[in-house]
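J.: Just a sequence and a predicted model for now, questions to come.
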Amino acid sequence: MRTIAITNQKGGCGKTTTTVNLAAAFAQKGLRTLLIDLDPQGHSTLGFGYDPETLDKTIYHALTNPQISISRVVLGTNIEKLDLAPSNILLSGAEIELAEVLGKELVLGEQLRMVNNDYDMVVIDCPPSVGLLTLNALVASTDVIVPVQVHCKYYQSTLSSVLCENPGPAADLRREQNGFRQTDSAADARILRRPGI
């Protein structure tokens, strides 16, 4: 079973969007996939139409109570072959509850070993922090994806000279040869509004 943690300590960089879309793509390719919402905000859970506050069991229960296996908290989704281990605000207390537990960084990995034969892929939506929940995801994972948001400063210092300065046929050729293309993203809009670019 391959396990991918989607993590970045910064919020708003696309972790949940990446997690949900990657998990859905794996499932649509025929892989039995489990998405673990390890973020107490529960946005992956919301994204699949569940109200986090009405759930009886979540990933919190599987992490804090060794008597509850992850298979008991898993819910189906509207995508065939894609299951969800949901989350809600209770998960924010898990780090405190696990603080004194021996092997606290191994809890999620132990839970995943119990469902190893049930899934081909596990995708974990991590919280925007570098705490015990994220540590559990990293220890349990075979792979890690760190989504990053490209900031205007990066564009200004590196791409602006390639894309925006020296207009004319040579600049157009340079853009095409290097694979750069102007898009309508928020980052591009901010760059194009800056004086001198």
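T.: Everything's here; your move.
J.: ok, which stretches of this protein are strands?
T.: For the chain, the strands defined by DSSP state E occupy 2-6, 33-37, 75-76, 82-85, 121-125, 143-145.
J.: Let me have the ones you listed in TSV, adding mean neighbour count and distance to M114 as columns.
T.: Backbone N, C-alpha and C define where each C-beta goes, glycine included. Shown next, in TSV, are these (neighbours: other Cβ atoms under 10 Å; distance: least, Cβ to Cβ, whole Å):
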stretch	mean neighbour count	distance to M114
strand 2-6	22	13
strand 33-37	28	12
strand 75-76	13	17
strand 82-85	26	12
strand 121-125	29	12
strand 143-145	14	20
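J.: T54 is nearest to which of those strands?
T.: Distance to T54, taken as Cβ to Cβ, is lowest for strand 75-76 among these, at 11.7 Å.
J.: Check which helices and strands the closest one sits against.
T.: Packed against strand 75-76 by the contact rule (3 or more Cβ pairs under 8 Å, 6 or more residues apart in numbering; DSSP states H and E) you find strand 82-85.
J.: Could you list the low-pLDDT ranges of the protein?
T.: For the chain, the stretches flagged by pLDDT under 70 are 10, 149-197.
J.: what about the longest helix in it?
T.: When the chain is parsed with DSSP state H, its longest helix is helix 15-28.
J.: angle of that helix against strand 121-125?
T.: Using axes from the mean of the first three to the mean of the last three Cα atoms, to 10 degrees, the inter-axis angle of helix 15-28 relative to strand 121-125 is 170 degrees.
J.: From the contact counts, what lies against helix 15-28?
T.: If you count contacts as 3+ Cβ pairs under 8 Å, 6+ apart, helix 15-28 packs onto strand 2-6, strand 33-37, helix 43-47, strand 82-85, strand 121-125.
J.: what's the angle from that helix to strand 33-37?
T.: Using the same axes, to 10 degrees: helix 15-28 against strand 33-37 is 160 degrees.
J.: what residues does helix 15-28 touch?
T.: Helix 15-28 is contacted by residues 4, 6-8, 33-35, 39, 43-44, 47-48, 79-82, 120-121, 123-126, 128, 145, 147 when judged by Cβ atoms under 8 Å, 6 or more residues apart in numbering.
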